[in-house]
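Undergrad: Make a model of this:
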Amino acid sequence: MRRLRNVKIVATLGPASDTYEMIRALHENGADVFRLNMSHGTQAEIAEKHRIIRQVEEDLSSTIGILADLQGPKLRVGVFASDGEMLDEGASFRLDLDKAEGDSSRVCLPHPEIFAALEPGKTLLVNDGKIRLRVETCGPDFANCIVVAGGVISDRKGVNVPDVELPLAALSEKDRADLEFAAQLGVDWMALSFVQRAADVQEARDLIKGRAAVLSKIEKPNAVERFDEILAVSDGIMVARGDLGVELPVQAVPPIQKRLVRKCRNAAKPVIVATQMLESMIESPMPTRAEVSDVATAIYEGADAVMLSAESAAGSYPIEAVTTMDNVAAEVERDPTYTQIIESSRTSNRGSVANGIVAAAREIAETADIKAIACFTQSGTTALLTARERPRVPIIALTPLVGTARRLALSWGCNCVITGVMDRFKGAVVGAAKAARDEGFATADDQIVVTAGVPFNVTGSTNILRVAPCDERLIYSTDPE
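TA: Alright, predicted model coming up:
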């Protein structure tokens, strides 16, 4: 299903969007990838959503990506004897391993690994940062704190430890079970929560065994500090601004977002900007102007995808939220300023024949009257390199592997077409010309640029470029065998 914009839209599925009719409508109105949140719902419910997505994909003959988002470790306080307690600024409050019900002076924090990592002066955040505690004294089973920012604390509120590296694996036992379940189900992307170091990503890679691409969620200060090494072992990145905004000063998040998006583009790896993008549309059919500007900013920065969370999963207006994102993206990409920003942020990437081929393809397409760049790709690498160039013409990614096409559904500008297995370049050119015509990118009177690797079906072998007519008769009359 051809889109009139290059940035992709990720929509989270949930109670508001779990039927065939709704999932189909979300895709038809702009959703390119569906996120399955493993924090909510049983494995049977997740499997049913996966089945419906694949049915929609078959019915519409339209490639759809599926992203399974693992929950990650959840750090929470215990329960209180009352409905909640008011913590006043300047008061003392104790966290410990005692499972007794809490009161205004203490509560259980059933995570000895937190106490093992704490030091006096460190900060603990409760309930998305609404309550801020400073550690005064601590030991292996307690932390005596001073309330820096007060508020009501109640049962099982989340705890963040922003300035400490916790001795916790990114994968809990639940995550390991969910990972194997989702990999066997056949999802295309696996998102990892609570990533602190490259080793966390590598552990997941070893368990996934190539059955899905690995996407690291950047939601902790440690991940920002070690971003380059995390990016090197990841297939994609999610800038999870909600948790980043809890653990870091909120004013630090926009420049971090901008830096991470640019680094991902330079590495030719897709990046999603996520969290609270159209938050008001959970309850309203119209977004705020600030939210629209936020979505537009991510697109101007060159993000591959923007994501809806509760807006499409649990909100009252999931279709309107997807439509709004689609409209904003299309409007931004029509703006001449968008092209100027994208092209001014392009970097020169040397060192391989493939880099040279895709750069040349983009330059030729923008210099001559070329309607599209058609790239044959086995693993998806050639399409990702082409997307990094952010060409002004559409990218047609042709691949014989449906898994590759589904993963590329997350990547900027990639219009995926499933082809037969190619063994000769002339056949590839003919196939590319047909795809360009069939998908509405060109007519028989137009030209396209075709890139491929010879010999075919060898990953990373992109080494040939051809400007080709879209009229098959001209291809056969001019191309040598």
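
Undergrad: Show me the domain layout of the protein.
TA: Using automatic domain parsing, the domain ranges for the chain come out as 8-73+170-334, 85-160, 353-478.

Undergrad: The longest one: end-to-end distance?
TA: What that stands for is domain 8-73+170-334. End-to-end distance for domain 8-73+170-334, by C-alpha to C-alpha, to the nearest Å: 15 Å.

Undergrad: Just give me how far that domain sits from the chain centre.
TA: 4 Å (C-alpha atoms, centre = their mean, to the nearest Å).

Undergrad: repeat for the second one
TA: Offset of domain 85-160 from its chain centre (C-alpha atoms, centre = their mean): 32 Å.

Undergrad: Tell me the secondary structure at residue 256.
TA: At residue 256 the chain is in helix, as set by DSSP: H, G, I helix; E, B strand; the rest coil.

Undergrad: residue boundaries of the strands in the stretch 51-200 of the chain?
TA: 65-69, 85-87, 92-96, 106-108, 123-126, 131-139, 142-149, 151-153, 159-160, 189-192 (DSSP state E, counting those that start in this stretch).

Undergrad: Same check on the stretch 201-350 of the chain?
TA: 213-218, 236-240, 271-274, 305-308.

Undergrad: For the most centrally placed residue in the chain, give me its contacts.
TA: In the chain, the C-alpha nearest the mean C-alpha coordinate belongs to residue 272, at 3.6 Å (C-alpha atoms, centre = their mean). For residue 272, the contact set (C-beta atoms under 8 Å, 6 or more residues apart in numbering) comprises 10, 215, 236-239, 303-307, 410. For every residue, glycine as well, the C-beta is placed using N, CA and C.

Undergrad: again, 7 Å this time
TA: By C-beta atoms under 7 Å, 6 or more residues apart in numbering, the contact list for residue 272 reads 10, 238-239, 303-305, 307.

Undergrad: Need the max-distance pair from those residues.
TA: Using C-beta to C-beta, the contacts of residue 272 reach their maximum pairwise distance at 10 and 239, which is 12.2 Å.

Undergrad: which one is residue 342 nearest to, not counting chain neighbours?
TA: residue 390 (4.8 Å; C-beta to C-beta, 6 or more residues apart in numbering).

Undergrad: now the one you found: how far from residue 262?
TA: According to C-beta to C-beta, to the nearest Å, residue 390 stands 12 Å off from residue 262.

Undergrad: if I look at the residue nearest to the centre of the chain, how far off is residue 310?
TA: Residue 272 is 16 Å from residue 310, by C-beta to C-beta.

Undergrad: Can you list the low-confidence ranges for the stretch 1-150 of the chain?
TA: For the stretch 1-150 of the chain, no stretch is flagged by pLDDT under 70.

Undergrad: Could you rerun that using 80?
TA: 1 (pLDDT under 80).

Undergrad: Now do the helices for it: every range, in order, please.
TA: Ranges of helices in the stretch 1-150 of the chain, per DSSP state H, counting those that start in this stretch, are 20-28, 43-60, 112-117.

Undergrad: Quick one: list the elements packing against the shortest one.
TA: Under the contact definition 3 or more C-beta pairs under 7 Å, 6 or more residues apart in numbering; DSSP states H and E, helix 112-117 sits against no other helix or strand.

Undergrad: And it, what's buried?
TA: Buried residues in helix 112-117, counting neighbours by 16 or more other C-beta atoms under 10 Å, are found at 114-115, 117.

Undergrad: nearest to residue 187, of these?
TA: Nearest to residue 187 among the buried residues of helix 112-117 is residue 114, at 31.3 Å by C-beta to C-beta.

Undergrad: Name the nearest residue to that closest one, ignoring sequence neighbours.
TA: Nearest residue to residue 114, sequence neighbours excluded (C-beta to C-beta, 6+ apart): residue 161, at 6.0 Å.

Undergrad: what about the one you found, how many residues close to it?
TA: 21 (other C-beta atoms under 10 Å).

Undergrad: same thing with the one 10 residues further on?
TA: As a burial measure, residue 171 scores 22 neighbours (other C-beta under 10 Å).

Undergrad: my read: it touches residue 202, true?
TA: No: using C-beta atoms under 7 Å, residue 171 makes no contact with residue 202, being 11.3 Å away.

Undergrad: I'd like the distance between residue 188 and residue 50.
TA: Using C-beta to C-beta, we find residue 188 at a distance of 11 Å from residue 50.

Undergrad: Specify which residue of the two has the higher count of neighbours.
TA: A count of neighbours by other C-beta under 10 Å puts residue 188 above the other of residue 188 and residue 50, at 25 against 19.

Undergrad: The closest residue to the more buried one other than its chain neighbours: which element?
TA: With sequence-adjacent residues excluded and distances taken as C-beta to C-beta, 6+ apart, residue 188 is closest to residue 406, at 4.3 Å. Assigned by DSSP states H and E, residue 406 belongs to helix 402-408.

Undergrad: right, and the helix or strand after that helix?
TA: Downstream of helix 402-408 (by DSSP H and E), the next one is strand 414-418.

Undergrad: So what are the sheet partners of that following strand and their directions?
TA: Under the criterion DSSP bridges, strand 414-418 sits next to strand 395-399 (parallel) in its sheet.

Undergrad: So what touches the partner strand?
TA: With C-beta under 7 Å, 6+ apart as the test, strand 395-399 has contacts from 372-378, 383, 386-387, 405, 408, 413-419, 431-432, 435-436, 439, 441.

Undergrad: What of stretch 374-387?
TA: Identification of contacts with stretch 374-387 by C-beta under 7 Å, 6+ apart yields 268, 354-355, 358, 361, 373, 395-399, 401, 404, 407-408, 411-414, 422, 428, 432, 435-436, 448-452, 457, 459-460, 462.

Undergrad: do stretch 63-71 as well
TA: Against stretch 63-71 from outside (C-beta under 7 Å, 6+ apart): 10, 27, 32-39, 50, 53, 56-57, 174-175, 178-179, 182, 187-193, 215, 405-407, 409-410, 416.

Undergrad: give me every residue that touches residue 223.
TA: So residue 223 contacts 195-196, 230 (C-beta under 7 Å, 6+ apart).

Undergrad: Then residue 170?
TA: Residue 170 neighbours (C-beta under 7 Å, 6+ apart): 72, 192-196, 200.

Undergrad: Just the local confidence number for the nearest residue to it once chain neighbours are set aside, please.
TA: Of all residues not flanking residue 170 in the chain, residue 200 sits nearest, at 3.7 Å (C-beta to C-beta, 6+ apart). Looking at residue 200, its pLDDT is 96.
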